[in-house]
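J.: Show me the folded form of this:
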Amino acid sequence: MRERPPLDPMLRTLRLALWLMAALLFFNWVWPSLQGWLLALTAEPRAVTPRGSLAEVEQTNIAIFRKASPSVVYITTTEDLVNLWTRDITRIPRGTGSGFVWDGHGHIVTNFHVIEGASAAYVRLQDQKTYRAVLVGASPADDLAVLRIQASLSILKPLPIGSSADLQVGQMVYAIGNPFGLDHTLTTGVISALDRTIRTENGVVDGLIQTDAAINPGNSGGPLLDSAGRLVGVNTAIYSPSGAYAGIGFAVPVDRVNRVVPQLIAHGRYQRPELGVVVDDRMSRLVTERLGVDGVLVLRVEPGSAAAEAGIRGSRILAEGNLVPGDIILGIGDRETRDAAELRAALERYRVGDEVRLRLLREGRLIELPVLLQ
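T.: Presented below is the predicted three-dimensional model:
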C-alpha cells in the first residue's frame, strides 16, 4: 500500500488556521442564531409575580376618581363669524375647558373665561353625549359662570360640597379635568399656599388656593377635590412662562363658589355685599403710617349706604386744604383689613343682609360698630 507523503508544515498550519476561523464563525454568528431559534420554539410567558394589596394612597386616588369623574364635564365653545360681503355665518371652534355638575337641574359650573366671547357652548357628559348649553349667569370678577343643559336626572351626578375656610397648606388635593382635550384626567398634589391674588383680563381675583397639582390649558373650570372627594375649589389659572404646567396653579375657593353660584342661578349675576365707603390706598398709607397703624382710611361715606346707616365717618378737607382723617377700618369680623384689597376680600365672606362687626380707629380710640351689609 502506497503511503501519503507527509504534509508540508506550512500547509498544516494553514489548515489549522482555517479550522479555527470556521469554529469562530460558527460560535460567533451561526450558533447564537441557532440557539435563539431553538429557544423561540420553547418560549412561554413568564409567571406573574403576585402584587399584593394596593397602597392606601393608591386606593384613595382610585376611589376619588371613580366617584368624582362622572360629575366632570368637557366643555367646547364655538364662535360665529359673519362675512360682511355675503352675510354668510360661519361657525368655528373657539376653545375647550372643563366644568362639573352642580345640581340635578342641569346646572354646570365652569370658569367665566372658558365661555367668554363664545357664541355657543356644548357640554359632554360621562355618557359621551353632547348637550347644547345656555348661559344662566356669570361673575367675571370671580371667574365663575353657570351653564344649564337639558339632561335626565339619572345621568347628572352633582359633586359633594366641602369647605375651604379650614384648608391647610400641605393638604392633599386632586384635580380632574380635560387638559389639551384629554378628557377625565386626574392629577394629584398638595395645597401650596392660601389667599393668593392674581391679575386676570377681568381684574384682580384674590383669596385663591395655590396648588402644585398639575393644571394645564383645558383644566380651567374643573374641580379641585380634597381627600374625602369633596369640592374645595374650581381650577381657574396657572402661572407658567411657557403656558403649560410649571408647578403653580390656582383655584377659586369653594366657600366663594357656594356664595356666588346660587345667586347666578337665581339672578344671573352676583350681588356683592357693600359697605358704601370710598377708599384709596395711597391716601390711606399717608395717614396710617403717620399714626403707626394698619388699616383703610374712609375718605367718603355714600349717602343711604350701610356705612351711613351704621354711623361710619368719612374724612373732611378744611378750607386751608388740610385733611381731617375719618374712621380707619382695622378689620371686619376676625380678619384684618390693611388695604383696599383685604377690605374687599373680608366683605366677600358675607352675603347681602349679613350683620358684621367693624373694628375702627376713630380720633385715636378703638371702637366696634355693627353694620348691616347692603
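J.: for the chain, which strand is longest?
T.: Ranked by residue count, the top strand of the chain under DSSP state E comes out as strand 185-200.
J.: Identify the neighbouring strands of that strand in the sheet and state each direction.
T.: The pairing partners recorded for strand 185-200 under DSSP bridges are strand 172-177 (antiparallel), strand 203-211 (antiparallel).
J.: could you dump those to JSON lines with mean pLDDT and distance to Thr185?
T.: Backbone N, C-alpha and C define where each C-beta goes, glycine included. Formatted as JSON lines, these follow (pLDDT from 0 to 100; distance: least, C-beta to C-beta, whole Å):
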{"stretch": "strand 172-177", "mean pLDDT": "88", "distance to Thr185": "6"}
{"stretch": "strand 203-211", "mean pLDDT": "79", "distance to Thr185": "15"}
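J.: Quick one: closest of those strands to Asp255.
T.: Asp255 lies closest to strand 203-211 among these, at 9.0 Å (C-beta to C-beta).
J.: closest one to Val279 among the strands paired with strand 185-200?
T.: Taking C-beta to C-beta, strand 203-211 is the member of the strands paired with strand 185-200 nearest to Val279, at 14.9 Å.
J.: Please identify the buried residues of that closest one?
T.: Val205, Asp206, Gly207, Leu208, Ile209, Gln210, Thr211 (16 or more other C-beta atoms under 10 Å).
J.: Distance check, Thr187 against Val57.
T.: 14 Å (C-beta to C-beta, to the nearest Å).
J.: More neighbours: which of the two?
T.: Thr187 (21 against 11; other C-beta atoms under 10 Å).
J.: Spatially, what comes nearest to that one if we skip its sequence neighbours?
T.: Leaving out its chain neighbours, the residue that sits closest to Thr187 by C-beta to C-beta, 6 or more residues apart in numbering is Ala214, at 3.9 Å.
J.: and the one you found, what element?
T.: For Ala214, there is no host helix or strand (DSSP states H and E).
J.: Just the helices from the stretch 151-300 of the chain, written as ranges.
T.: 254-267, 281-291 (DSSP state H, counting those that start in this stretch).
J.: any residues touching the shortest one, and which ones?
T.: This points to helix 281-291. Asp294, Gly295, Val296, Leu297, Leu299, Leu323, Pro325, Ile328, Asp339, Ala340, Leu361 (C-beta atoms under 8 Å, 6 or more residues apart in numbering).
J.: Mind checking the pLDDT average for that helix?
T.: On average, the pLDDT along helix 281-291 is 84.
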